[in-house]
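> Sequence first, then the predicted structure, then my questions.
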Amino acid sequence: AQSVSQHNHHVILSEAASLELGCNYSYGGTVNLFWYVQYPGQHLQLLLKYFSGDPLVKGIKGFEAEFIKSKFSFNLRKPSVQWSDTAEYFCAVNSLGDSNYQLIWGAGTKLIIKP
Amino acid sequence: DAGVTQSPTHLIKTRGQQVTLRCSPKSGHDTVSWYQQALGQGPQFIFQYYEEEERQRGNFPDRFSGHQFPNYSSELNVNALLLGDSALYLCASSLGSGTGPVVGEFGPGTRLTVT
């Protein structure tokens, strides 16, 4: 069965530190890849997505992610985090196939930024 | 422009009872997906409705059923509730064609507690 692994369940950083959240998936075919964010008290929001083309994808609020097909990875990065980035981050994968609209999600990473 | 709305916000039910959750999609969206998010986990895909039919279903028992109305709103019904059905139920709306169905806009969710 397909699965998505997010390596860190909790990450604590100081403001201005660099961020990298890991995401690996198990599926050998073509995939669509997503990062969603859930800020405290808010609902899930799309941060960025990859469908095809340039494997380096830029999203909102200065986030980016790099798709490395050989490593089945789609890690999320931000060069300098802010206190407002405190949130839970979810990686999700959709495997391309006939009529497949299902997203498989990781368990999430809770990010806490210390001011 | 109202986003995705869900009702009720919270619900407490007893084991064995039945529950109905409701979702109104974002204006312009015609597809609704339902997810179950247990505490500390990522969302799990229940099913997706498009053109008033269940287009795809995840790995959930028949106790979980749904409906989509002509105005694109949707209901999720769960029969014979189990304690393990306690979770946050998320609705996501999207466009039904192209890559649209996999890029959902999420509602705030309904927190279901089964006692």
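Cool, got the structure.
> so what's A:Cys91 up against?
Residues counted as contacts of A:Cys91 (Cβ atoms under 8 Å, 6 or more residues apart in numbering or on different chains) are A:4, A:6, A:21, A:23, A:25, A:33-35, A:74, A:76, A:105-106. Just so you know, the C-beta spots here come from the backbone N, C-alpha and C atoms, and that holds for glycine as well.
> Report the beta-bridge partners for it.
Beta-bridge pairing for A:Cys91 (DSSP bridges): A:Trp35.
> what about the nearest residue to B:Asp85 once chain neighbours are set aside, distance to B:Gln36?
Nearest in space to B:Asp85, with sequence neighbours left out and distances taken as Cβ to Cβ, 6 or more residues apart in numbering or on different chains, is B:Val114 at 5.2 Å. B:Val114 sits 12 Å away from B:Gln36, taking Cβ to Cβ, to the nearest Å as the criterion.
> Find residues that contact each of the two.
Contacts common to B:Val114 and B:Gln36, judged by Cβ under 8 Å, 6+ apart, are B:Asp85.
> what sits against the closest residue to chain B within chain A?
Nearest to chain B, among the residues of chain A, is A:Trp105, at 3.2 Å (Cβ to the nearest Cβ). The contact partners of A:Trp105, taken as Cβ under 8 Å, 6+ apart, are A:4, A:90-92, B:42-44.
> quick one: secondary structure of the nearest residue to it once chain neighbours are set aside?
With sequence-adjacent residues excluded and distances taken as Cβ to Cβ, 6+ apart, A:Trp105 is closest to B:Gly42, at 3.2 Å. Secondary structure, DSSP: H, G, I helix; E, B strand; the rest coil: B:Gly42 is coil.
> thinking again about what came up before, now for the contacts of A:Trp105: which two are most distant?
A:Cys91 and B:Gln44 (14.4 Å; Cβ to Cβ).
> ok, the residue of chain B at minimum distance from chain A - contacts?
Nearest residue of chain B to chain A (Cβ to the nearest Cβ) works out as B:Gly42 at 3.2 Å. B:Gly42 is in contact with A:4, A:90, A:92, A:105-108, counting by Cβ under 8 Å, 6+ apart.
> What of A:Leu13?
A:19, A:81, A:111-114.
> how about low-confidence regions in the chain?
You didn't pick a chain, so chain A it is. A:98-99 (pLDDT under 70).
> that's the wrong chain, I wanted chain B
B:1, B:98-100.
> Residues of it that sit close to chain A?
B:4, B:33, B:40-45, B:48, B:55-56, B:58, B:90, B:92, B:99, B:101-109 (Cβ under 8 Å from any Cβ of the partner chain).
> all strands of the chain, in order?
Since you didn't name a chain, this refers to chain A. Using DSSP state E, the strands of chain A run over residues A:4-5, A:10-14, A:19-21, A:24-25, A:31-38, A:45-50, A:56-58, A:64-68, A:73-78, A:87-95, A:104-105, A:109-114.
> I was thinking of chain B, sorry if that wasn't clear
B:5-7, B:10-13, B:19-24, B:31-37, B:44-50, B:53-57, B:64-68, B:74-78, B:87-94, B:105-106, B:110-114.
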